[in-house]
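1. Sequence and predicted model, in that order:
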Amino acid sequence: AAHKISLIPQDLFAELCEQIVQHLSRKIPGVNTAELCQRIRASGTEISVGDLAKIVSVVSFLFSTAARNHLSTEELVTALGNAVSVLPKHALQVICHIWNEQGKSISESEETRNMATVGQFVDLKWKLGVAMSSDTCRSLKYPYVTVTLRVADPSGQITDKSFEMPIPQFKNFFRQFKEMAAVLETV
């Protein structure tokens, strides 16, 4: 991960760190690695979404560990002193600057945070489609609903999960959501 960090332009690495801090502070549901990866590639740096996800995990671990241990900026600099040979200098400067500016917000949210290992719902999109034909059936005319859930996993990685349902299954899915809404009304 350290080698890949050295390839990321400083301004984009700073934006990545800010998004990680916002995620850890519970201000945003996660880090949109796919969008950041496109921007990093547009800057001329070749990096995969998987490599960027590893960097997000490393930096998230660093910030959350510093928050759990209530490190000051000076203590973080000292702790990172051991990593100087691994992390590029510009990355250390960005990490320390972001920690100095926004570290307190992580520390405060870490104390009240439920450390459950579940993801967080971000968005839901759906579309209605009709399968007109297939290689085995000329006239299918089969309606279906495609649902895409955008979810942030506990590390902040945002992913899309898509699935298709026939209309009867979708009606059951919808009925279950109505039941959840009715229960929530009683709370």
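-> Sure thing, it's come through.
2. mind showing which ranges of this protein have poor pLDDT?
-> Where the chain drops to pLDDT under 70, the residues are 1, 82-85, 107-118, 154-155.
3. Go through it and flag its longest helix.
-> helix 89-112 (DSSP state H).
4. which residue packs closest to the residue nearest to the spatial centre of the chain, ignoring adjacent ones?
-> In the chain, the C-alpha nearest the mean C-alpha coordinate belongs to residue 157, at 2.6 Å (Cα atoms, centre = their mean). For residue 157, ignoring the flanking residues on the chain, the nearest one in space by Cβ to Cβ, 6 or more residues apart in numbering is residue 53 at 5.2 Å. Quick note: C-beta positions are derived from backbone N, CA and C, even for glycine.
5. what residues does the host helix or strand of residue 67 touch?
-> Assessed by DSSP states H and E, residue 67 sits inside helix 49-68. With contacts defined as Cβ atoms under 8 Å, 6 or more residues apart in numbering, helix 49-68 is touched by 1, 4-5, 8, 16-17, 20-21, 23-24, 31, 33-34, 36-37, 40, 75-76, 79, 95, 99, 103, 106-107, 110, 155-157.
6. Filter these down to just the buried residues.
-> Buried by 16 or more other Cβ atoms under 10 Å: 1, 4-5, 8, 16-17, 20-21, 23-24, 31, 33, 36-37, 40, 76, 95, 99, 103, 106-107, 110, 155-157, out of the contacts of helix 49-68.
7. Which strands and helices lie in contact with the helix or strand just after the helix holding residue 67?
-> With elements assigned by DSSP H and E, the helix or strand that comes after helix 49-68 is helix 73-81. Counting by 3 or more Cβ pairs under 8 Å, 6 or more residues apart in numbering; DSSP states H and E, the packing neighbours recorded for helix 73-81 are helix 49-68, helix 89-112.
8. Please identify the most buried of those helices.
-> Of all the helices and strands packed on helix 73-81, helix 49-68 has the most neighbours on average by mean count of other Cβ atoms under 10 Å, namely a mean of 19.
9. The residue lying farthest from the centre of the chain: which element?
-> If you look at how far each residue of the chain sits from its centre, by Cα atoms, centre = their mean, the farthest one is residue 138, at 42.5 Å. Taking DSSP H and E as the definition, one finds residue 138 inside no helix or strand.
10. Same question for the one 5 residues further on.
-> Residue 143 is located in strand 142-152, with elements delineated by DSSP H and E.
11. same check, this time on residue 39
-> Short version, using DSSP H and E: residue 39 is in helix 33-42.
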